[in-house]
Each structure stands twice: as structure tokens, then as C-alpha cells.
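[1] Fold the following, please.
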Amino acid sequence: YQRRVHGALDQLVMNYLVVEGHQEAAERFQMESGTDPGVELSTITDRESIRLMLNSGDVAGAVARINDISPELLDTDNELCFRLHKQQFIELVRKGSVEAALVFATEELAPVVADSTPLLEELEDVMALLAFPDPVNSPVGVLMSEEHRQRTSQEANRALLASQSGQETDSRLPMLLQLLVWAQTRLDQTSSYPRISDLRTAALDAVE
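    Just a heads-up that it's a prediction; the model follows:
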């Protein structure tokens, strides 16, 4: 029983490392635990480099790399194509390149939207950045945040993982931890139990 539980935990950790694109850690964990990653770990390198480019604002470089490793992805995934173009527009606004941003929106962003109402609403939101002298502190300033860059890179990462391996694209470990926190919050109201107070160590509190 303990061996099965330990094996399931190892798979959770490996799933997290593969999905999130941590190649070096996944390789070390495979050597130490013998856990099968289910994918060629060399493919993580491409996803990790694209994630780093997007998180640093190099959207053009990320798009070029995506087209190199998965030429059909942006042609078939309209939402991902739009989100990457939207992020590239944001980076132009960040640099103060207003004229270039307008040209990019006309030539690249607008054609991707087509008849999609949700994407059209996103386009309207991002175009609103041009209406403010200080976009960062505007009502749509969240689009200029590092968190928005990270959301874009995560979406690209998931799409690439799905196109390369067909595996699930969301890591299970964070979801299980969220479920654990929720369950403990509910139990705190009614019961005494060996509570996990530190998720990093999984140390149990003594039951009073």
C-alpha cells in the first residue's frame, strides 16, 4: 500500500514538473525516483525557452519559436494566436510605440478576431490602453502587469504541451493542494484532527 501511495505521489510531482516546463528538475527527479515522465523530456526545453521569452516581453521571438517547433499550432488555435498578438500589442504600448501598435492592431490583431464576440471584447479592452497617457495606472492597467505576461505564457505552454504529447495540460498538484486547503478550512469549523499546517513539509499538528 505504501509503495502505491509513494508511486502516486511521485507521479504527481513529475506531472507538475513536466506541465510547468522544469526540464532539469524533471530529469533529476526521474533519475532519483525512476518515475516515467510520459513525454520526451527534451521537448520541455522548447516550452521553457518560449515561456522565458514571453515573460520577458519578447513575443515576436516566442511566436517565431512556436512556428519552428509546431508550424500548424497558431493556424489551428485561433485563441492562442490572438492572445499572443494581443501581448505583442501590449509590449509595443509598453515601449511607447503608439504608431507601431496601431499598425500592428490593424494588420495582425483585427483579422484574428473575425466574428468571435469574446475576442472582440478583449480587443476593445486592449485597444483602450491607447486612450490613456499612463496606461499602467489606467482602468485597464492590469493588461500591462507581469501577471498578464505570465498568463499568456501559461496558455502558450499548455497549447504546446497538448500539441506535442496529447497529455493533460494542467498540473494536478496545485489543484490537489487547493482542495486540501479547502477541506481543512471546512474541518476546522467542526473537528479536531492532525492538521497540515505547513504545506512545504507536510508536518502534522498534534491533536489537542
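[2] hey, let's count contacts and neighbours off CA atoms from now on
    Fine.
[3] So which residues of the chain form strands?
    Using DSSP state E, the strands of the chain run over 196-198, 203-204.
[4] Where among these is average confidence lowest?
    Across the strands of the chain, strand 203-204 has the smallest mean pLDDT, namely a mean of 63.
[5] distance of the residue positioned nearest the centre of the chain from N137?
    To find the centre residue of the chain, average its C-alpha atoms and take the closest one (CA atoms, centre = their mean): that gives Q154, at 1.5 Å. Q154 sits 24 Å away from N137, taking CA to CA, to the nearest Å as the criterion.
[6] again, but for A162
    The gap separating A162 from N137 is 36 Å, by CA to CA.
[7] what's the answer for A128, then?
    12 Å.
[8] which of these two has more neighbours?
    Applying other CA atoms under 10 Å to A128 and N137 shows that A128 carries more neighbours, namely 15 against 11.
[9] So the nearest residue to the more buried one once chain neighbours are set aside versus A110, what's the distance?
    The shortest distance from A128 to any non-neighbouring residue, by CA to CA, 6 or more residues apart in numbering, is to V140 (7.2 Å). As judged by CA to CA, V140 and A110 stand 19 Å apart.
[10] try L73
    Distance from L73 to A110, by CA to CA: 19 Å.
[11] Quick check: phi and psi on the residue nearest to A128?
    In terms of degrees, to the nearest 10, the main-chain angles of V140 are phi -110, psi 20.
[12] Could you do the one 5 residues further on as well?
    For S145, the backbone dihedrals are phi -80, psi 160 (criterion: degrees, to the nearest 10).
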